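Peer 1: sequence and computational prediction follow.
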Amino acid sequence: MGYRLKRITLRVLGPVPGILLLAPAGILTKTFFGVFARTAVHSEQWMGGDFWAFCMGCVLWMLAFVLSLWATGEPCLLGVYVYGHEMTHAFWSMLMGGRVTEFKASREGGYVVTDKHNLWVALAPYFHPMLSMVVVGVFGLAGVFVDVTQWTWVLFISVGATWAFHLSFTGWMISKGQSDLRMNGTFYSLLIIYLMNMLLLSLMFFFFAPVGTAKEFGLELLDNAESFGAWSWARGRELWGWGRAWMRV
């Protein structure tokens, strides 16, 4: 009942919730690319073998995705994506205390029947790279039994490929129109997806970047937020002044 009421509220408000998220999205994006650019220029040593292995994995998957889309009209490993998509719905439902009673996934599509459904359950497949999590989990488990330090390049290529897999399929599926987005308002859902993916990208960046980058990122984030707040306050005062002047006419 609570989730249904929230969905009705989102419909009534229309694009307003999404518009309110534009500012955080802009601030986070400006901060990320600003810190990334400075780090790349002034701390080139952080781009070591692990970083390039990750990039290689991304490139390899994107080549496979684009070529298969061009050759057959649909990307390769579509069935794997659909299974992972529905599994992520199920995982987040159970994470929030729900119970999955039915699960189906195939190349043609899939669905999950659960007694717990909310915004995060609906949008989880678009910001939670399930395959990347599986790869990290398998590698971590293997590390308990054998020495895997000499195989870290395999881990980073695999994480890069699976993360690119997540992003490419997310974009492809969104372009086709998804009921997961429409039920909470497409514009609002897209902003949530963008913000969550930017947060994940920032966390991955901290992993490769030099020590202290996270602190620099946080300080710049606060500075950008303060600058935006000051700009918004000034524009608001101008509008208020124009409004009062117009009322006197």
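Peer 2: Perfect, thanks for sending it.

Peer 1: what helix or strand is the residue most central in space within the chain on?
Peer 2: By CA atoms, centre = their mean, the chain has its centre lying nearest to residue 197, at 1.9 Å. Element membership for residue 197 (DSSP states H and E) is helix 186-208.

Peer 1: also residue 113?
Peer 2: strand 109-114.

Peer 1: so what secondary structure elements neighbour that strand?
Peer 2: helix 78-95, strand 100-106 (3 or more CB pairs under 8 Å, 6 or more residues apart in numbering; DSSP states H and E). For every residue, glycine as well, the C-beta is placed using N, CA and C.

Peer 1: could you export those as JSON lines, including mean neighbour count and distance to residue 182?
Peer 2: Formatted as JSON lines, the helices and strands packed on strand 109-114 follow (neighbours: other CB atoms under 10 Å; distance: least, CB to CB, whole Å):
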{"stretch": "helix 78-95", "mean neighbour count": "20", "distance to residue 182": "15"}
{"stretch": "strand 100-106", "mean neighbour count": "13", "distance to residue 182": "21"}
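
Peer 1: in the chain, which helix or strand is least confident?
Peer 2: Sorting the helices and strands of the chain by mean pLDDT, DSSP states H and E puts helix 2-13 at the bottom, at a mean of 49.

Peer 1: low-confidence ranges in the protein?
Peer 2: The chain contains residues with pLDDT under 70 at 1-16, 42-47, 211, 243-245, 247-249.

Peer 1: that older thread, contacts only, for the residue nearest to the centre of the chain.
Peer 2: 126, 127, 167, 170 (CB atoms under 8 Å, 6 or more residues apart in numbering).

Peer 1: rerun at 6 Å
Peer 2: residue 127 (CB atoms under 6 Å, 6 or more residues apart in numbering).

Peer 1: any idea how far it is from residue 138?
Peer 2: Using CB to CB, to the nearest Å, residue 197 is found at 23 Å from residue 138.

Peer 1: quick one on the thing from earlier: following the helix holding residue 197, which helix or strand comes up?
Peer 2: Per DSSP H and E, the first helix or strand lying C-terminal to helix 186-208 is helix 213-248.

Peer 1: that next one vs helix 186-208, what angle?
Peer 2: 150 degrees (axes from the mean of the first three to the mean of the last three CA atoms, to 10 degrees).
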